[in-house]
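# Provided below for reference: sequence and predicted model.
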Amino acid sequence: MKMTFPDWRPERWVDFPQNPLIEPPNGYVIGDPQVILPGELDRFWHMFAYGRGAIYRFRSEDGVGWELERTITSFARWAGLVYLYREGGRWYIFYTRADENGCTVICARESDDLENWGDERVVLRPELPWEREGRLVQVRNPCLVKVGDTYRLYYSAGTVWLDDCGYEEPKYVSFAEADEIYGPYRKHGEPIIEPDPKVPYRNFGAGALKAFRREGGFIGLNNGIYRDEDGRSRSAICLMASDDGIKWADAPFNPIIPPTIGWKRALVYQLDLVNYQGRTIIYYNARDGWREGKERIGASELIRN
């Protein structure tokens with residue numbers, strides 16, 4: 001059966017005129033936004049993001065103007081790449097924790113109020129040969145989806161090195177499943193997204209995946225890692241679809257949010273997709289340069305037909 005995609009062609013995504021919305025509090029990088037909509041916690045918009053090993057919480061009246069509420073440094077010496085999940089009135093935060101060598105595991109904590117967090121649980125470690133590929137040994141970029149009674153944790157693993165940026169990015173995407181939210185998680189065992197020289201926007205690394213349930217299957221937003229015709233490192237947001245959340249297909253009009261100019265001149269990275277009062281918005285971080293680049297958070301909105 002032919003895969004169907006929502007009509008999210010790149011020309012239908014328009015930058016917020018106020019972009020970029022959030023400057024990095026540390027002066028260098030802010031990324032991987034996770035948004036809580038008005039009514040989910042209180043009357044405000046909230047956002048969790050990270051930069052240089054700290055987790056930041058922002059608040060907004062309108063989803064455009066954001067103020068820093070809190071900096072969380074108690075989780076670990078370096079923690080970030082967060083994902084928020086809510087179930088039964090309780091919040092769970094999944095995050096990537098790094099050691100002093102830049103090698104990472106995926107951890108989780110829970111909270112009733114997003115203020116006071118329980119003890120850390122390590123839920124995933126890099127164990128398989130392909131997960132340990134690259135200069136740095138990492139599992140990272142968690143995304144949790146409930147499939148029936150099963151918790152499915154998508155994650156990135158393995159690394160590729162971006163010489164012109166001076167840091168690593170994920171090589172593969174896979175998933176693990178569990179009957180309980182903290183595990184134990186049973187790994188699928190092999191990548192479900194990997195670099196492909198035939199795919200120009202994913203010819204070097206798989207990046208990360210955010211998966212969302214939809215009627216009859218799943219949609220995914222993936223930031224593939226690639227080298228352009230000049231050999232520059234790039235990343236762009238691409239739309240994917242799947243019947244089962246395991247075998248994914250690329251939309252024929254990818255990428256939907258590519259690098260352009262200004263604050264997102266070099267790379268467009270990870271994200272959150274929200275639907276609010278009939279509006280479809282992607283919040284994401286982007287980089288304005290390579291080794292000396294700065295990362296900020298902005299948003300693009302889907303223009304209705």
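Alright, I've got the coordinates.
# where does the chain dip in pLDDT?
1 (pLDDT under 70).
# ok, 80 please
1-2, 305 (pLDDT under 80).
# Show me where it has its helices.
Here the chain has no helices by DSSP state H.
# Show me where the stretch 1-150 of the chain has its strands.
Taking DSSP state E, counting those that start in this stretch, the strands of the stretch 1-150 of the chain run over residues 13-15, 31-36, 45-51, 54-60, 66-72, 79-87, 90-98, 104-111, 121-124, 139-147, 150-162.
# want to throw the ones you listed into JSON lines with distance to Leu273?
(Each C-beta comes from the backbone N, C-alpha and C, glycine too.) Converted to JSON lines, the strands of the stretch 1-150 of the chain look like this (distance: least, Cβ to Cβ, whole Å):
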{"stretch": "strand 13-15", "distance to Leu273": "11"}
{"stretch": "strand 31-36", "distance to Leu273": "9"}
{"stretch": "strand 45-51", "distance to Leu273": "13"}
{"stretch": "strand 54-60", "distance to Leu273": "17"}
{"stretch": "strand 66-72", "distance to Leu273": "18"}
{"stretch": "strand 79-87", "distance to Leu273": "13"}
{"stretch": "strand 90-98", "distance to Leu273": "17"}
{"stretch": "strand 104-111", "distance to Leu273": "21"}
{"stretch": "strand 121-124", "distance to Leu273": "23"}
{"stretch": "strand 139-147", "distance to Leu273": "11"}
{"stretch": "strand 150-162", "distance to Leu273": "14"}
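# Dump those strands into a markdown table; add distance to Met240 and mean neighbour count as well.
Converted to a markdown table, the strands of the stretch 1-150 of the chain look like this (distance: least, Cβ to Cβ, whole Å; neighbours: other Cβ atoms under 10 Å):
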| stretch | distance to Met240 | mean neighbour count |
| --- | --- | --- |
| strand 13-15 | 16 | 15 |
| strand 31-36 | 18 | 24 |
| strand 45-51 | 23 | 23 |
| strand 54-60 | 27 | 20 |
| strand 66-72 | 28 | 15 |
| strand 79-87 | 18 | 21 |
| strand 90-98 | 21 | 21 |
| strand 104-111 | 21 | 20 |
| strand 121-124 | 22 | 19 |
| strand 139-147 | 13 | 21 |
| strand 150-162 | 12 | 23 |
